[in-house]
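> fold the following.
(chains A, B, C and D)
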Protein chains: 2
Amino acid sequence: MSYYSAHPRFHLAVDCIIFGFRDDKISLLLLKRDFEPAKGECSLMGGFVRENESVDDAARRVLTELTGLTDIYMEQVGAFGKVGREPDERVVSVAYYALINIDDYDHELVESHNAFWVAIDERPDLIFDHDEMVSKALVKMRGMASEYPIMFHLLPKEFTLSKLQSLCEAIYGMPLDKRNFRKQVAHTACIEKVGAIDKSESKRGAALYRFNENVFRKTGIFKL
Amino acid sequence: MSYYSAHPRFHLAVDCIIFGFRDDKISLLLLKRDFEPAKGECSLMGGFVRENESVDDAARRVLTELTGLTDIYMEQVGAFGKVGREPDERVVSVAYYALINIDDYDHELVESHNAFWVAIDERPDLIFDHDEMVSKALVKMRGMASEYPIMFHLLPKEFTLSKLQSLCEAIYGMPLDKRNFRKQVAHTACIEKVGAIDKSESKRGAALYRFNENVFRKTGIFKL
DNA sequence: TCAAAAGTGTTAAGTTTACACCCATGA
DNA sequence: TCATGGGTGTAAACTTAACACTTTTGA
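Predicted coordinates:
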C-alpha cells in the first residue's frame, strides 16, 4: 500500500455552527472554553473525526454531544485547511451548520459544556478561524433559506404568521410588509392553518400554521 | 501534546472538477487513469495534500500539474468523507471546481496525463464518489454564476454576444431570447464593447465585448 | 378604555416575456 | 444571389412594492 503510505496524514475535526431563533434574532450556540487549547475564549462546538465514522456522522455526533438532539437538519459549510489555523498542531476542520428549534435542546447538557446563546450580530470574537466559519455558514444558510423551506427547522411545529415573518426578517436582514407577506403565505400551499389559536403572544390570539412537508414535495413550491 | 495525539489521522486528498466551454457546451476535463487504484477507469484529477500546504493550495497545485495554468478561479465544493469512499484506504477528499478558458491550457501536459474533455451531459461514469462531486460542483457553479460574474472565466477576454448567450444557455440549461438577452447586456455596465470585430464565426462579423472587473466592483451589478 | 398584536385589498410601478424582420458579407 | 449569423423595439402579462385602517381582548 505504498501508494497511500507515501502521503502524510492529518488530524480531522468538525465544527458546528448551531443556529437558533431567539427573541426574534438568529442566534448562535457558542462555548466558553473551560479546556485547552484557547481556554477561556469563545469557540464553536467541535470535535475530532473518528476512524470508523464519516465526517458527516462526526458532525452529527458532536451536535448531539452538546445538545442531546438527533435527526437535526445540518449542511456542510466547507473544509478549512490553512496551515496555521490551529496554533499547536495541523488540524483540518470541516464546518457544518445546524438549524435547531430552541425549545427542544437539553439545557443541562448545554450548561455542562459551558455553552451559551448569543445573537449573531452580538457574537464575540471566536478562536482560530471560527469567525470565518460563522460568516460562511450565514451566507450559505441564507442562500439555502431563500430557495428551500429550511427555516421551519428553527421554529416549533406550529407557529403564528407573526413569528414566521419575524424569522424571515431576521434571515434576510430586512423588514417585510405584513400584508404582502401574508398574501404570499396564503399562496404557499405547503404552509397550512392548523385551526388552533395561540394566545401566548397577544390578547386577541393568532392562528397557528404548520409546514406540510408532503405538500412541498408534491408541489416543489416554496418562496418567502 | 496528548490532546491531539489521542486522535486518529487521515489521508487528505483534493479533486478538481475542471469546467471549460467547448462547442457551446459546458465540458469537463477527466482522466483516463493509467495508474492504480482503478486503473483504466475515468476520474477527476486529484492529489494528496502535503504537510506544509493549505488544502486550497493543494487544489491549485493539482490543477497546475494537469493544465499548466495558474491564477485560476476555483471554488471549494466541499469535503467528501464517507468511510468507504475509496476501496483500499480511508481518504477524505476536498473537491474544488475550476473555470478555465479552454484556449489557454497546456495541451502536451494534458495529453501526458491521459486527460480528455467531455461535455457534461455525455460524461462517463466516474470512480469512487466523483460523480457526486461533479453533480454538486455543477449545482454550486450554476448558483454562483447566477449571482456573480464568474462565467467570464470560461471565455476568452474578448467575446461576441452570441458566444456569451450560448454560454448562459449552457449554464442555465435553457434557451434564451436573443433580443431580451442583448437588452439585458446593454443595461449591464460591466460588459463593454471593445470596438473590434470578430469575423471568425460569421461573414458579417460580430462586435467584441469584454467584462470590466473595475466597473463591476464599483456598481456591484451583474445579472444575466 | 386603551394598549397591543392580528388581520385584511387595491393600485401603481417595474419587470419579464413573447415575438419577426432587416443587415452585411463571403462563398 | 443566397445562406449564415448579427443586430434591433414594442406591447401584453405578470410580479412586486407601497400603503392604513378595523378587530379582539386582557389588563
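> would the lowest-mean-pLDDT helix or strand in chain A count as contacting chain B?
Per-element confidence for chain A was summarised using mean pLDDT, DSSP states H and E. The lowest value among helices and strands belongs to helix A:2-5, with a mean of 79. Yes: when contact is scored as Cβ under 8 Å from any Cβ of the partner chain, part of helix A:2-5 falls within range of chain B: A:Tyr3, A:Tyr4. (Each C-beta comes from the backbone N, C-alpha and C, glycine too.)
> elements contacting that helix?
Packing partners of helix A:2-5 (3 or more Cβ pairs under 8 Å, 6 or more residues apart in numbering or on different chains; DSSP states H and E): none among the helices and strands.
> what's that helix in contact with?
The set of residues external to helix A:2-5 that reach it, using Cβ atoms under 8 Å, 6 or more residues apart in numbering or on different chains, is B:His11, B:Glu36, B:Pro37, B:Asp88, B:Glu89, B:Val91.
> let's see that with 6 Å instead.
Residues from elsewhere that reach helix A:2-5 (Cβ atoms under 6 Å, 6 or more residues apart in numbering or on different chains): B:Glu89.
> next, the angle from the helix or strand just after it to strand B:9-22.
Downstream of helix A:2-5, the next assigned helix or strand under DSSP states H and E is strand A:9-22. Relative orientation of strand A:9-22 versus strand B:9-22 (axes from the mean of the first three to the mean of the last three Cα atoms, to 10 degrees): 80 degrees.
> which stretches of chain A form helices?
Counting by DSSP state H, the segments of chain A that form helices are A:2-5, A:55-67, A:107-112, A:130-145, A:161-172, A:178-186, A:213-219.
> the second one and chain B in contact?
It stands for helix A:55-67. Yes: against chain B, helix A:55-67 shows contacts by Cβ under 6 Å from any Cβ of the partner chain at A:Val55.
> so what's the gap between that helix and the chain middle?
Helix A:55-67 sits 13 Å away from the centroid of its parent chain (Cα atoms, centre = their mean, to the nearest Å).
> residue contacts, the residue in chain A that DNA strand C sits nearest to?
For chain A, the residue positioned closest to DNA strand C under Cβ to the nearest atom of the strand is A:Arg179, at a distance of 2.9 Å. The neighbours of A:Arg179, taking Cβ under 6 Å, 6+ apart as the test, come to nothing; the list is empty.
> I'd like to know how far A:Ala13 sits from chain B.
To chain B, A:Ala13 is 8 Å away according to Cβ to the nearest Cβ, to the nearest Å.
> distance of that residue from A:His130?
Using Cβ to Cβ, to the nearest Å, we find A:Ala13 at a distance of 11 Å from A:His130.
> which one's more surrounded, these two?
A:His130 (24 against 21; other Cβ atoms under 10 Å in any protein chain shown).
> contacting residues around A:Cys190?
The neighbours of A:Cys190, taking Cβ under 6 Å, 6+ apart as the test, are A:Asn212, A:Val215, A:Phe216.
> okay, those residues in CSV with pLDDT next?
Supplementary listing: the contacts of A:Cys190 in CSV, determined by pLDDT from 0 to 100:
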residue, pLDDT
A:Asn212, 98
A:Val215, 97
A:Phe216, 97
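> in space, what's closest to A:Ser162 - neighbours in sequence excluded?
In space, not counting the residues next to it along the chain, A:Ser162 is nearest to A:Ala206; the distance is 6.1 Å by Cβ to Cβ, 6 or more residues apart in numbering or on different chains.
> surely that neighbour meets A:Phe159?
No: applying Cβ atoms under 6 Å, one finds A:Ala206 not in contact with A:Phe159, separated by 9.4 Å.
> of these two, who's got more company?
A count of neighbours by other Cβ under 10 Å puts A:Phe159 above the other of A:Ala206 and A:Phe159, at 22 against 16.
> low-confidence ranges in chain A?
Across chain A, the ranges flagged by pLDDT under 70 are A:1-2.
> returning to what we had before: what's the spacing between the residue nearest to A:Ser162 and A:Leu224?
Applying Cβ to Cβ, the value for A:Ala206 to A:Leu224 is 17 Å.
> and what of A:Val77?
23 Å.
> I'd like to know how many residues surround A:Asn180.
For A:Asn180, the number of neighbouring residues by other Cβ under 10 Å comes to 9.
> got the contact list for it?
With Cβ under 6 Å, 6+ apart as the criterion, no residue contacts A:Asn180.
> for stretch A:46-57, measure first residue to last.
End-to-end distance for stretch A:46-57: 13 Å, by Cα to Cα, to the nearest Å.
> got a list of contacts for it?
When contacts are defined by Cβ under 6 Å, 6+ apart, stretch A:46-57 is touched by residues A:Leu12, A:Ala13, A:Asp15, A:Ala58, A:Val62, A:Val94, B:His7, B:Pro8, B:Ala79, B:Gly81, B:Lys82, B:Val83.
> and what of stretch A:153-160?
So stretch A:153-160 is in contact with A:Phe21, A:Tyr73, A:Leu99, A:Asn101, A:Asp103, A:Val194, A:Asp198, A:Ala206, A:Leu208, A:Arg210, going by Cβ under 6 Å, 6+ apart.
> list buried residues within the residues you listed.
Buried residues within those, defined by neighbour count using 16 or more other Cβ atoms under 10 Å in any protein chain shown: A:Phe21, A:Leu99, A:Asn101, A:Asp198, A:Ala206, A:Leu208, A:Arg210.
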